[in-house]
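> Please find the sequence and the predicted model below.
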There are 2 protein chains.
Amino acid sequence: MELPPTRIAAVMASVRARINARSYVPGMRLPSVRAQAKALQVSVSTVVEAYARLVAEGVISSRPGAGFHVNGPVAPLALSGIDPPRDRQVDPLWLARQSLEHDARVLKPGCGWLPEDWMYVEGIRRGLRSAARASATSLADYASPLGLPPLRQLLARRLAGQGVDAAPEQILLAESGSHAIDLICRFLLQPGDTVLVDDPCYFNFLALLKAHRVQVVGIPYTPNGPDVEAFGAALQAHSPRLYITNSGLHNPTGAVLSPVTAHRLLTLAEGSDLVIVEDDLFADFEHSPAPRLAAFDGLSRVIQIGSFSKTLSAAVRCGFIAARPEWIDALADLKIATSFGGGRLAADILLTALTDSGYRRHVETVRTRLAAARELTLDRLATLGIQPWIVPQAGMLLWCRLPDGLDAAAIAQRSLADGVVLAPGNAFSPSLGATGFLRFNAAQAQDTRVFEVLARAMRG
Amino acid sequence: MELPPTRIAAVMASVRARINARSYVPGMRLPSVRAQAKALQVSVSTVVEAYARLVAEGVISSRPGAGFHVNGPVAPLALSGIDPPRDRQVDPLWLARQSLEHDARVLKPGCGWLPEDWMYVEGIRRGLRSAARASATSLADYASPLGLPPLRQLLARRLAGQGVDAAPEQILLAESGSHAIDLICRFLLQPGDTVLVDDPCYFNFLALLKAHRVQVVGIPYTPNGPDVEAFGAALQAHSPRLYITNSGLHNPTGAVLSPVTAHRLLTLAEGSDLVIVEDDLFADFEHSPAPRLAAFDGLSRVIQIGSFSKTLSAAVRCGFIAARPEWIDALADLKIATSFGGGRLAADILLTALTDSGYRRHVETVRTRLAAARELTLDRLATLGIQPWIVPQAGMLLWCRLPDGLDAAAIAQRSLADGVVLAPGNAFSPSLGATGFLRFNAAQAQDTRVFEVLARAMRG
C-alpha cells in the first residue's frame, strides 16, 4: 500500500511543532506509534514512517524496547509572531553568555558593565564587615514583603532628587533590575500581548520578552529619544500593553530623552492603556539629570525601575520598582509567589555601602574616568574609520557605525576567536536593522589589544 | 428609547472580565465611550449606561474631562479552570505575607522556617568576614551562567551522598528554591497545562502555579507518599506536564516517600511526558536519608531542586537545580533572560559557611533540638485535643487535626487578632479538603502563649 505523503509530512510537522513549542523536550519519550496514530487520526503505518524519517533526520531516536525519544538540544525560545531568524552572533542570549563567562584572558569591550576594579569594592567590603556584626534576624531571616524599610526610604529620597515623588510604600525591592522588569511583565502581560521597545534597545529586553511569549514592536530611536511619529503609529496599530525604555542614559546609544519628546510620548499615551517601564539603572553616571518620564507622569502610567549593579556592584543583587501603591501590592504578591521574598542581606549590605559620602565620591571618580575613557576610545576607533552615532554626554556606552559594507556580526565572530567579545548591533535591534553597528564599552576598551584584534577582524 | 438590558450587561461583563484578567489595571483609563461602542458593536448610549452602572458599583470612576478609570484593588491571580473561591484566611499568598511581615511581637507557629537564633548565624558571620577580604571579582562582578563552580562541585558531592549522580555541569544555581521551581515552570509549562501537586502540598506551590496560569490537580497524600492509584488516574485523565512534590520531608505533613511508592510512581510515569520536580529543601533535617525520586530515576525525568534557606540562612539567597545537562543549558538561558545571572556573593558566603565541620555540627544540634521541640509541641497540642496526622521522624512540621467540627480558618483568624499566626489546612489543599487541619512549626511553638491563644480561639 502506498502511504499518503501529505499525512506523513503532517505527522512529522506535528512532532517538530511540539519540539519547537517545548512540549516535547530532549530525552522525553514520544507517544507510542499507536497512541500518536489515534491522536492524529492517521494510520499506524503513517506514524511508523514519519517516526522513521524523523530518526533519519536526527530529530528523534529509537531505543529498542523503549520507544522513540526526542534528541537535544532544547528548542530556543522564540518571540511570538514576526521574530526574524537570528544568527548565533546576534542572539541576545548568546551575547549575554559570552559576556558572563569568566575567563580572565578574554577582553570584553562588548559587555555592558564596568571592570570590577572600577566598582565600589571598598563600600562592599565595609558593608560586609558591618553585616558580619549584624543581628541574627538580618543574617538568617527572610526579607519583609516590600523589602528593607530604611533602604526603601533612601531610594525614595534619591527619586525625589530626580523629581519623582514616591513614598517608601511605593517602592518594592527586587533581586535585580532585570528581576524588577520581569515582575512587571508577569503583572501586566498575557502571552500574545504587544510590547514596544526602542530599536536599538538593551539586548536582554528581547530575551526577557521571549520568555513572556509576547509580540515585540521596535520604535526607531533618535538622539532625543524614541521617534514620536513611529511611537504614535505603533500605539494606533498595535494597542501595546507596555513600552520598555531607558531614560537617563539609553542603552546601547548613550542618548538621553529630551523634555519635548518625553512630553509628547506621554500625551500620545493618554487615553490608551499603555504602561511605560523606565529602566533607570545608569542614573548615577549622569553629570546632570536628564528628564525622567516618571517625573513628568507622576508614577501614574510610568513605572520606574533601577538597581546599583552598574555603579556599585553586580555581585550584591538588589533592584527596585517604584510604581502606584496598588500595583506595588500586586507586584509584591508575585515576588512572593515566584521567589518567596527576597534578599535581606543584600539590601543590608547595599544600605551600608550607600549611606556615607564614599559612594558619592566613588561615582564622581568613575564619571571622570569614563569621560577620559570615552574620549580615548573614540580616538582609537576613529583611526579604524569607526564613528559614533552620537557622542554621549556620560556613561560607558558608545554606539558606533562601521565603515560602509562591513558586517558587525562577522567581525564579532572573528574577534571572538582572538579572545575579544564584541557586541554586534543586531543583538540590540528587534528589526535586525543595525548590521553595521557595534556597541563599545569605553571602560572595557582600555587594552590596546582590543583595537589590534578589531583591526584584524575588519580586514576579514 | 428603551436600552437593551442584555447589551448593557454584556458591556459591563466585558469590562469586569478585562479587570479580572488584568488587562485593565487600577488607575488605567477605560476606552472612551465611543471607542468602546465601536469595539463591542453596541450603541454609544448602551456604553454610557453600562459605564454609569459600573461607576455606581464602584468598579470604575469618572473624572470630569478625563474619562473613566479603573478603581483598585488589582484583581488577584486565579488558577485557571476549577480554582475554588478561597477565603482570605486560606489564601496561600495571605499566609505567606502574614509569615513574612516583621513584627517581633507576633508569634508565628504557622510559618515554615526556624527562628533566626536556630539558624547557622555563626557560619554566615564567618562567610561575611571571609567575603570582605575576597577579590574585587567576587565582590563586584556578575556570576558565571551556571553559578560559582566550587559551590556546584560541593553540591554534586552532597547529591552523590543521597544516591543522586549529577556532575557539576548538571547543577545550576538559582536565587532560591522557589526561584528554581519558577525557572523550571517557565521552561516546561505553557498557560493551560496541567500540573500535579500533593494534596496537601507546600502552599506556595499553589501561588507559584497561579502565576503560570496552569491547571492544578491535587493527588491525595498518604503517610508513604502520594496515593499511587490517584496518581495513575490523574496521569491518564489529565496528561499532566509536571508533578511537583517534596521528598526527604514532605511539607506540610513531615511524611517521607517509601521506596515502593517511589518505584511505582516512576513506573506509572514511563511512556508519559511527565517531568517530576523533587523539592528537597528539608534534606539536612533527616536523620537517615529517605528515598529520592532523583536517585531512582537517575535525573532522567526527575529534576531535583534545593536550597539552604531552612537550615543555614534565608537571608543568603541561593538555591540550585540538578537536571539533565541539556535542560540545565536551557534553564541557564531563562535565568539570564529573566534576572541576568545571579548572586555571586551569596554563593561565595554559602560556600564558606558550608565548608568546614561547623555546619555539620550545627545541623546535628538542630536535629536534636527539633526532636525535643516536636515532642513538647505534640504534648501541648494533645492537651487541646489536637492530634498529629502522623508523628514525623524529623523536621519542624506537624500536620495536625483539630477536634471534630472545628474550622481551622476561623481559629487562625481569631488567633491572628491575638498576635499568633497559624497556618490553616486549606491554604495547603488544592481541593480545600483540609478544613479541620493546622500545620504547626515545633520550633516556632516554644512560647506557651501560642497554646493559650490557640485554646481561646478554639473556644470561639
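All right, it came through fine.

> Quick check: residue A:133 vs chain B, distance?
8 Å (Cβ to the nearest Cβ, to the nearest Å). For glycine as for every other residue, the C-beta is placed from the backbone atoms N, C-alpha and C.

> give me phi/psi at the residue lying closest to that residue once chain neighbours are set aside?
Leaving out its chain neighbours, the residue that sits closest to residue A:133 by Cβ to Cβ, 6 or more residues apart in numbering or on different chains is residue B:125, at 7.8 Å. When read as degrees, to the nearest 10, the backbone of residue B:125 gives phi -60, psi -40.

> Now do the contacts for residue A:202.
Going by Cβ atoms under 8 Å, 6 or more residues apart in numbering or on different chains, residue A:202 touches A:112, A:246, A:251, A:252, A:279, A:428.

> again, 10 Å this time
Going by Cβ atoms under 10 Å, 6 or more residues apart in numbering or on different chains, residue A:202 touches A:92, A:112, A:177-178, A:181, A:208, A:244-246, A:250-252, A:279, A:281, A:397, A:427-428, A:439.

> circling back to that earlier point, can you get me a residue count around the residue nearest to residue A:133?
By other Cβ atoms under 10 Å in any protein chain shown, 18 other residues sit near residue B:125.

> May I have the residues that are in contact with the residue nearest to residue A:119 when sequence neighbours are not counted?
Leaving aside its sequence neighbours, residue A:119 sits nearest to residue B:140 (Cβ to Cβ, 6+ apart; 3.6 Å). If you count contacts by Cβ under 10 Å, 6+ apart, residue B:140 has them with A:113-121, A:124, A:309, A:312-316, B:344-345.

> Buried ones among the residues you listed?
For the contacts of residue B:140, a burial check counting by 16 or more other Cβ atoms under 10 Å in any protein chain shown picks out A:113-116, A:118-121, A:124, A:309, A:312-316, B:344-345.

> Nearest to chain B: which residue in the stretch 351-460 of chain A?
residue A:353 (10.3 Å; Cβ to the nearest Cβ).

> Can you report how many residues lie near that residue?
When neighbours are counted by other Cβ under 10 Å, residue A:353 registers 25.

> part of a strand, is residue A:277?
Yes - applying DSSP: H, G, I helix; E, B strand; the rest coil, one finds residue A:277 inside a strand.

> Bridged to the residue nearest to it when sequence neighbours are not counted, which residues?
Distances taken as Cβ to Cβ, 6+ apart put residue A:244 closest to residue A:277, at 4.6 Å, once the chain neighbours are dropped. Assessed by DSSP bridges, residue A:244 has beta-bridge partners residue A:197, residue A:277.

> State the pLDDT value of residue A:244.
Looking at residue A:244, its pLDDT is 98.

> Please tell me I have it right and it contacts residue A:279.
Yes - contact between residue A:244 and residue A:279 holds when scored by Cβ atoms under 10 Å: they sit 6.8 Å apart.

> Report the strands that pair with the top strand by length along chain A, each with its relative direction.
Criterion DSSP state E: the longest strand present in chain A is strand A:215-222. According to DSSP bridges, strand A:215-222 forms sheet pairs with strand A:194-199 (parallel), strand A:225-226 (antiparallel).

> Now do residue A:116 against residue A:345, distance only.
20 Å (Cβ to Cβ, to the nearest Å).

> again with residue A:7
Residue A:7 is 60 Å from residue A:345, where distance means Cβ to Cβ.

> again with residue A:405
Distance of residue A:405 to residue A:345, given as Cβ to Cβ: 52 Å.

> cool, and residue A:376?
Distance, residue A:376 to residue A:345, using Cβ to Cβ: 38 Å.

> Contacts only, for the residue nearest to residue A:133.
By Cβ under 10 Å, 6+ apart, the contact list for residue B:125 reads A:131, A:132, A:133, A:134, A:136, A:139, B:349, B:353.

> For ChimeraX, what selects the buried ones among these?
Applied in ChimeraX, the following selects the buried portion of the contacts of residue B:125 according to 16+ other Cβ under 10 Å:
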select /A:131,132,134,136,139 /B:349,353
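
> on that earlier part again, mutual contacts of residue A:244 and residue A:279, please.
Residues touching both residue A:244 and residue A:279 by Cβ under 10 Å, 6+ apart: A:181, A:201, A:202, A:205, A:303, A:305.

> How about residue A:260: what's its closest non-neighbour residue?
Closest to residue A:260 by Cβ to Cβ, 6+ apart is residue A:224, at 7.6 Å.

> and chain A, what are its domains?
Domain ranges of chain A: A:5-70, A:88-117+A:359-459, A:120-357, per automatic domain parsing.

> quick one, which of those is packed in tightest?
Mean neighbour count (mean count of other Cβ atoms under 10 Å in any protein chain shown) peaks for domain A:120-357 among the domains of chain A, with a mean of 22.

> Report the distance from it to the chain centre.
Remark: domain A:120-357 is offset 12 Å from the chain centroid, using Cα atoms, centre = their mean, to the nearest Å.

> Endpoints of stretch A:188-200, how far apart?
23 Å (Cα to Cα, to the nearest Å).

> and residue A:313, helix, strand or coil?
Once three-state DSSP is applied, residue A:313 turns out coil.

> residues from the stretch 301-450 of chain A in reach of chain B?
A:301, A:307, A:309, A:312-319, A:323-349 (Cβ under 10 Å from any Cβ of the partner chain).

> So residue A:93 is in contact with residue B:338, correct?
No - the criterion here is Cβ under 10 Å, and residue A:93 misses it with residue B:338 at 11.1 Å.

> any shared contact partners between those two?
Shared contacts of residue A:93 and residue B:338, defined by Cβ under 10 Å, 6+ apart, are found at A:204, A:207.

> ok, residue A:314 to residue B:136 distance?
Counting by Cβ to Cβ - residue A:314 and residue B:136 are separated by 11 Å.

> Mind listing the shared neighbours of those two?
Common neighbours of residue A:314 and residue B:136, counting by Cβ under 10 Å, 6+ apart, are A:116, A:119.

> about what we covered before: what residues are up against the residue nearest to residue A:260?
By Cβ under 10 Å, 6+ apart, the contact list for residue A:224 reads A:255, A:256, A:257, A:258, A:259, A:260, A:261, A:262, A:390.

> Nearest to chain B, out of those: which one, please.
Within these, proximity to chain B (Cβ to the nearest Cβ) peaks at residue A:262, which comes in at 19.3 Å.

> does any part of stretch A:281-296 sit near chain B?
No - applying Cβ under 10 Å from any Cβ, one finds stretch A:281-296 separated from chain B by no less than 10.7 Å.

> list the contacts for residue A:167?
Counting by Cβ under 10 Å, 6+ apart, residue A:167 has contacts A:152, A:153, A:156, A:159, A:299, A:322, A:325, A:328.

> shouldn't the last one be in contact with residue A:180?
No - checked against Cβ under 10 Å, the pair residue A:328 and residue A:180 is beyond contact range at 11.4 Å.

> Show the pLDDT at residue A:435.
At residue A:435, the model reports a pLDDT of 96.

> same deal with residue A:227?
For residue A:227, the pLDDT comes out at 98.

> for it, what are its contacts?
Residue A:227 is in contact with A:198, A:199, A:219, A:220, A:221, A:233, A:234, A:261, counting by Cβ under 10 Å, 6+ apart.

> Check residue A:72 too.
A:25, A:26, A:27, B:324, B:325, B:326, B:327, B:329, B:330.
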